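> would you be able to build a 3D model of this:
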Amino acid sequence: MTSTDGSNGVTPRNPVPGRTAPERPAPGSTVPEPRLAASVILLRDAPGGLETFVQHRVATMDFAAGMVVFPGGRVDAADKAGREYPDGLLDAHAQDWKLASIGAGAGSAQARADAGMVLAAAQREVFEEAGLRLDAADLRPWANWVTPPDMPKRFDTYFYVARPAPGAEPRHQTTEASSSLWMPVRDILAAEEAGRLKLMPPTLFLLKEVGALGGVEAVWSAEHPIVPVHPAAGAMAAFLKGRTNRR
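I've put the predicted structure just below:
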């Protein structure tokens, strides 16, 4: 995978702690290779403000147990076959992901194929987990986060924002979550601040980001270059300790 850990001279927008730290294993240890994954931030405007569709993960899951997450999951073999997407859309997505691991040689046939593969995974996961068929044109690449190198399970996750077509309604249908529902972004952030909900660092950061824009159209039209986030070893433990100590 192409390194995007900061050694390429890129300075990320809105830096966060550990965002561009090099991934160095401890002596004698091996860093697990991150698996490609896709996650979708479904958005809609509501009288109470911007809402997103989230899932409350069951406490028995071996990853993100008890957390509030967006629909998503790892790229499967079926996604590698891709789907029939317009060339212009694949070119645009490959350009958006140009700094990420799948974006090396943006504009190349491989970069377009990889962009199509991850997009197919995003559409499939939303359908499997929320019963919602999304048109490819209704998903926009938004962020790329890689799990810290000291975690036992690691993912190279590609986040999309999405605006479902009018009348298209996601639903709760996954056994990996106890409930799935639309929630106001500001309510999720307030509940996390009060300790009533638990969020992974990317979820918290991205909700703050889209929430600050205020509405679906503002999110969709925002200038938003994607700089991959590579938290350093220990970042997750520090994040969880900080949330506990703050409360």
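> now do the strand ranked longest in the chain: which elements does it pack against?
Ranked by residue count and defined by DSSP state E, the top strand of the chain is strand 35-46. In this structure, strand 35-46 makes packing contacts with strand 49-57, strand 72-74, helix 109-130, strand 155-162, strand 177-184, helix 201-213, helix 216-221, judged by 3 or more Cβ pairs under 8 Å, 6 or more residues apart in numbering; DSSP states H and E. Glycine gets a C-beta too; all of them are placed from N, C-alpha and C.
> how about a cut-off of 6 Å?
On a contact count with 3 or more Cβ pairs under 6 Å, 6 or more residues apart in numbering; DSSP states H and E, strand 35-46 meets strand 49-57, strand 72-74, helix 109-130, strand 155-162.
> average model confidence for it?
Here strand 35-46 scores 97 as its mean pLDDT.
> list the buried residues of that strand.
36-44 (16 or more other Cβ atoms under 10 Å).
> so which residue is dead centre in the protein?
F159 (3.1 Å; Cα atoms, centre = their mean).
> any idea what that residue is bridged to?
Counting by DSSP bridges, F159 forms beta bridges with S39, A143.
> need the contact list for it.
If you count contacts by Cβ atoms under 6 Å, 6 or more residues apart in numbering, F159 has them with 39, 142-143.
> shouldn't P32 be in contact with K153?
No: assessed by Cβ atoms under 6 Å, P32 is found out of contact with K153, at 7.1 Å.
> which one's more surrounded, these two?
Per other Cβ atoms under 10 Å, whichever of P32 and K153 has more neighbours is P32, with 15 against 12.
> quick one, what contacts that one?
Contacts of P32 by Cβ under 6 Å, 6+ apart are R154.
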